[in-house]
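> Please find the sequence and the predicted model below.
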There are 4 protein chains.
Amino acid sequence: MTNERTYSYLGPAGTFTEVALAQVPEAQGQTWKPVANVAQALADVTDGTSTGAILAIENTVDGGVSSVQDALAKSQGLRIVGEYLVPVSFVLVAPRGTRLDQVVDIAAHPVAYAQCLEWLGANIPGHTHVIAGSNVASAIGVLDGSLPAQAAIAAPGVVKHYDVDVLAEGIGDNADAVTRFVFVTRAVAPPAPTGSDKTSLIVELPREVPGALLEMLEQFATRGINLSLIQSRPIGDRLGRYRFIIDADGHIEDERMADALMGLKRFSPNVLFLGSYPRADRERVHPEPRYSDASFAAAREWLRGLRTP
Amino acid sequence: MTNERTYSYLGPAGTFTEVALAQVPEAQGQTWKPVANVAQALADVTDGTSTGAILAIENTVDGGVSSVQDALAKSQGLRIVGEYLVPVSFVLVAPRGTRLDQVVDIAAHPVAYAQCLEWLGANIPGHTHVIAGSNVASAIGVLDGSLPAQAAIAAPGVVKHYDVDVLAEGIGDNADAVTRFVFVTRAVAPPAPTGSDKTSLIVELPREVPGALLEMLEQFATRGINLSLIQSRPIGDRLGRYRFIIDADGHIEDERMADALMGLKRFSPNVLFLGSYPRADRERVHPEPRYSDASFAAAREWLRGLRTP
Amino acid sequence: MTNERTYSYLGPAGTFTEVALAQVPEAQGQTWKPVANVAQALADVTDGTSTGAILAIENTVDGGVSSVQDALAKSQGLRIVGEYLVPVSFVLVAPRGTRLDQVVDIAAHPVAYAQCLEWLGANIPGHTHVIAGSNVASAIGVLDGSLPAQAAIAAPGVVKHYDVDVLAEGIGDNADAVTRFVFVTRAVAPPAPTGSDKTSLIVELPREVPGALLEMLEQFATRGINLSLIQSRPIGDRLGRYRFIIDADGHIEDERMADALMGLKRFSPNVLFLGSYPRADRERVHPEPRYSDASFAAAREWLRGLRTP
Amino acid sequence: MTNERTYSYLGPAGTFTEVALAQVPEAQGQTWKPVANVAQALADVTDGTSTGAILAIENTVDGGVSSVQDALAKSQGLRIVGEYLVPVSFVLVAPRGTRLDQVVDIAAHPVAYAQCLEWLGANIPGHTHVIAGSNVASAIGVLDGSLPAQAAIAAPGVVKHYDVDVLAEGIGDNADAVTRFVFVTRAVAPPAPTGSDKTSLIVELPREVPGALLEMLEQFATRGINLSLIQSRPIGDRLGRYRFIIDADGHIEDERMADALMGLKRFSPNVLFLGSYPRADRERVHPEPRYSDASFAAAREWLRGLRTP
């Protein structure tokens, strides 16, 4: 029997993204395709090469991953259908036989490097940073000599694929660091509500409305909807113009969320609905009674009675 | 041919309310029934004695007429279907032969008295006030001696019905004073929108929500709806609890108004829809494009597409 | 020893206002002067005839007393320095020997009449209402024949001053009805804060600011100040223009209240500070820590440090 | 005569940062010190090695420069005292004699690479990206062979320092791209207001307040202050917790700004004032009259009069 479906992820094998993909039920036993960049992963889904793609979207230390946010903002016909959390920890690896006191130059992806600054300052104070393209490419570069470094900051999974010595483990500055990944497919009807759902949006602020950000936030507040992520990104045409990346608690099939979406649509020149999907942490959303589906249905019924008594 | 319909108004003949009734097209050529109080007028409509009733609801000087507001708040099965404006001016009348310098005691309805204080202070500084039940009863009481006064503040129309001398005209302190009347019938579907409409409501604030008044106002503000009247009235169970009498620009058939009404219904323990009806001043309501019916329809269509791509 | 000070109240003796005056510590053992109307009471204070005046400002059933609110709105050089609560109950009185079944016409002050409608409807269904000027004048009018009625709705205190039979007691529709009185003197520095204080204001909304009411409320909300009274009154120049009568929890010497007052002053064309004074119910105000005096002082200190590091 | 002062900038010579430093009046004719990273530049100022440092803080395409924002968020004793704008354009350079059709591998700083994607897609479709540390290091790496690439994306200024051929000019996707730089010194009193000023802040949202972002924005809105930059950055302790980088129109010596700063201080667990300084674009700020210094002064005077009449 052949594998029927392909899933793209930011490679190479051994990255945290691969760990996230391992959590996606429908991807198990299928083909996993490592790709070089976010645009490639999304293009694979758009053109049908892959059924889905998994992408890091936010991490505890560095916040939203702007390249992914920007790529999604420009995408069409895609949907987030699930999210997955991966605890992030880092190891310092080197070719067999290397001792820590021999290390001066360290290969690392910039995001990983930024998360290990305290450990490095305490343990290798005089080091230099050699930029690598991923948390696995750092190790490969040290092993094959293509990066001028004696050791690499890498994802723990790298030891399964490459023959390295681990000089130190858990060198990240935040022991609870987590990266959030989203699983993206072609646009389909959202998965059914579970009572523990999240809705992702990209909302552009109108140019001419003063207090536009306040007004946008009120679209959620007046429907009792909590936001778990709000991140500004420049639209790119001039300084001071923003779109906002938003994760809101609830599902498009919840009446209050549908109502908020319509409110945003009327307000914003550009709202991109990225998807409604189950939350990774399975925490249930408990709206106040006045924002419940029953409350919306009752109000609609009442209005109907007023119009034709 | 007999008159088929009866209309109730706060009498007696000669009051400003009768002037307002003369503006109501469907009441022309029908029976006009003067009644003694607001409750009677509304009861006539409820029990079918009258087809409609006309009531003063607001005046420039004294604000909302609280007895009418409270009566409407407790009513059921009634609707405001029209509004009419009557310029308010007052005359000082007395039995034939009376001279102004003979006047010390002045019969007047309290609201009328309050609107003539400046003139009285300047022209009859030492006067006393004898309370009368209406702007016509004041004159009757002076004529038949049942009120201990030499002159009466009355509506100009009183001279058509009673044999009096007019000692002074236009004695009201505000030359532009206007009283607004509403025309009430049994609950029917609201008259069709005209583009220049008003919606009247009574909204009770929830007890447990801090900032409840702010939240109520936001229901209108977030839909671009202007309020031309907002008046608090105590609910009556304890100090500090209010309901609000509201006139909002627009019609229940306008999408933004229907949306706001549903928002209020979800928020408030008690919303009374009093009616949507053409504005007396015929001023057109121009919502911003994003609050237009087209904008609402487009947002609903967009939402539908998101749910089933 | 002669009395040195005079206090004005809305008379005659026996009204609820006299009961309120009996609660004012500094008025005990002094001269109490009954006056015929609110303007007279305020004028007595302004011209020095009286040291203070006591006035009904709000009641459970009918809300703010608009004549008093309007008189205060036009006053100058006056201050509210205290408030007092009087439970309101009504008795039906008549000349000695009258039986309830002989009563058809009932003399009553309109506010009192409005509070007894349920009892009257149940016990004297066919009655008529004869308007009286106060809750004592009703009884006097019945006794001396100047009002064409067989019985009067009166304050319970009337039995101490007049020879009447009490036909029924506790005839008010709301057993917990309370009237709030304010004690007014010439403008002085406000009494020292007690931790349980109230500030009374009259705020005119600016004409040109859309959402002006929302903005006014935010002046309080953004400083954590609760409002126990908010009542609209027409300014009187045209329909739709309002001033608001406000009671806010706290004292002008509280930092948050001083800050809110300055915010209102900048926003409104006309703010009238009526006074800060101890609450009648002695309930303490507990601001959130961020709105405490300490928080304001710390922020001011911080700002000073930023300006001159 | 020796140079007395040193200014640090993100080197090497030829970067846009050096172009920005060339705009700083007080740095002309002094020593310019290229440094390897942001932390070094700030440390130079803190420890007195340098009098000032210049740092890229925001660009049209990629938004706030998060490494600089985070470094400032953790700094102490520093102040922004000026801002400078540099139009950003890119050139493709290579060793003398290279032809465009020989280029496959392109060395580029990731931010520069991201801004040239369209040109690259159209002109060198099969290229690969080799990461470089700056817009000058890319060219150096190609020249000295330390980076495996045939051409480099570089700042135009590179041609003044290195012997390269320019294969293409103006290859950035946005012809109007601009980068904003801030000039940082040790904490001093802010430069005097010019009427065209900006205030930079970092504000942490309190954990326990629902609607905290709305409340923070209201601190500005209720004082009529416009924001030209608002950017969220994770605090880093767990997902969903943010601080906000803010540029607000106005100066700490403006009354409304001082008032807003104190409001933020009371609200937020952590407000970092980065400085008030003249705007690079010299656009004047025109507050509404009610937010003017005169309005604040008048309100303060009024309050004083209320307290001691």
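Happy to help now that I have it.
> how about the residues of chain A that lie near chain B?
Within chain A, the residues that sit near chain B (CB under 8 Å from any CB of the partner chain) are A:79, A:187-190, A:215, A:218-219, A:222, A:252-253, A:258, A:261-263, A:265-267, A:273, A:290-291, A:295-296, A:298-300, A:302-303, A:306-309. All C-beta atoms are positioned from the backbone trio N, CA, C, and that covers glycine.
> So how do I select the buried members of these in ChimeraX?
Burial among the residues of chain A next to chain B is assessed by 16 or more other CB atoms under 10 Å in any protein chain shown; the matching ChimeraX selection reads:
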select /A:79,187,190,215,218,219,222,252,253,258,261,262,263,265,266,267,273,290,291,295,296,299,303,306
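> Now intersect the residues of chain A next to chain B with the strands, please.
A:R79, A:F273 (DSSP state E).
> Let me see the mean pLDDT of the one helix or strand A:S138 maps to.
Element membership for A:S138 (DSSP states H and E) is helix A:137-144. Averaged over helix A:137-144, pLDDT sits at 93.
> Could you give the number of residues near A:D165?
15 (other CB atoms under 10 Å in any protein chain shown).
> Surely A:R282 touches A:S196?
Yes - counting by CB atoms under 8 Å, a contact exists between A:R282 and A:S196, whose distance comes to 5.1 Å.
> out of the residues of chain A next to chain B, who's near chain D?
Within the residues of chain A next to chain B, those near chain D by CB under 8 Å from any CB are A:E218.
> ok, stretch A:139-157 near chain D or not?
Yes - using CB under 8 Å from any CB, stretch A:139-157 reaches chain D at A:S146, A:P148.
> Run the chain-centre distance for that stretch.
Centroid separation for stretch A:139-157 versus its chain: 25 Å, with CA atoms, centre = their mean, to the nearest Å.
> before we move on, what about stretch A:198-206?
Relative to where its chain is centred, stretch A:198-206 has its mean C-alpha point 15 Å off (CA atoms, centre = their mean).
> do stretch A:96-109 as well
On CA atoms, centre = their mean, the centre of stretch A:96-109 falls 30 Å from the chain's centre.
> Span of that stretch from start to end?
Taking CA to CA, to the nearest Å, the first and last residues of stretch A:96-109 lie 21 Å apart.
> Are it and chain D in contact anywhere?
No - residues of stretch A:96-109 contacting chain D under CB under 8 Å from any CB: none, with a closest distance of 9.5 Å.
> Can you pull the phi and psi angles for the spatially most central residue of chain A?
In chain A, the residue lying closest to the centroid (CA atoms, centre = their mean) is A:I57, at 1.6 Å. Here the main-chain torsion angles of A:I57 (degrees, to the nearest 10) amount to phi -120, psi -20.
> Which residue, other than its chain neighbours, is closest to A:Y291?
Nearest non-adjacent residue to A:Y291, counting by CB to CB, 6 or more residues apart in numbering or on different chains: A:G224, 3.7 Å away.
> so how far is A:R284 from that neighbour?
15 Å (CB to CB, to the nearest Å).
> more crowded one of these two?
A:G224 (20 against 10).
> Distance check, the closest residue to A:T60 other than its chain neighbours against chain C.
Of all residues beyond its chain neighbours, the one nearest A:T60 is A:A177 (4.6 Å), with distances taken as CB to CB, 6+ apart. Using CB to the nearest CB, to the nearest Å, one obtains 31 Å as the distance from A:A177 to chain C.
> now do A:D44
From A:D44 to chain C the distance is 49 Å (CB to the nearest CB).
> Need the three-state assignment for that residue.
helix (DSSP: H, G, I helix; E, B strand; the rest coil).
> what about it, how many residues close to it?
A:D44, neighbours per other CB under 10 Å, totals 20.
> pull the CA atoms of stretch A:271-281 into PDB?
Taking Å, rounded to 0.1, in the frame of the first residue of the first chain, the C-alpha atoms of stretch A:271-281 are listed here in PDB:
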ATOM      1  CA  VAL A 271     -10.600  40.900   7.100                       C
ATOM      2  CA  LEU A 272      -9.000  37.600   6.500                       C
ATOM      3  CA  PHE A 273     -10.600  34.600   8.300                       C
ATOM      4  CA  LEU A 274      -7.800  32.100   8.800                       C
ATOM      5  CA  GLY A 275     -10.000  29.500  10.500                       C
ATOM      6  CA  SER A 276     -11.800  28.200  13.600                       C
ATOM      7  CA  TYR A 277     -10.300  25.000  15.100                       C
ATOM      8  CA  PRO A 278      -9.900  23.200  18.400                       C
ATOM      9  CA  ARG A 279      -7.500  24.700  21.000                       C
ATOM     10  CA  ALA A 280      -4.400  22.700  21.700                       C
ATOM     11  CA  ASP A 281      -4.900  23.100  25.500                       C
END
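> Closest residue of the stretch 101-250 of chain A to chain B?
Residue of the stretch 101-250 of chain A nearest chain B, by CB to the nearest CB: A:A187 (4.3 Å).
> And that residue, what's its pLDDT?
For A:A187, the predicted pLDDT is 91.
> Correct me if wrong: it contacts B:P309.
Yes - taking CB under 8 Å as the definition, A:A187 is a contact partner of B:P309 at 4.3 Å.
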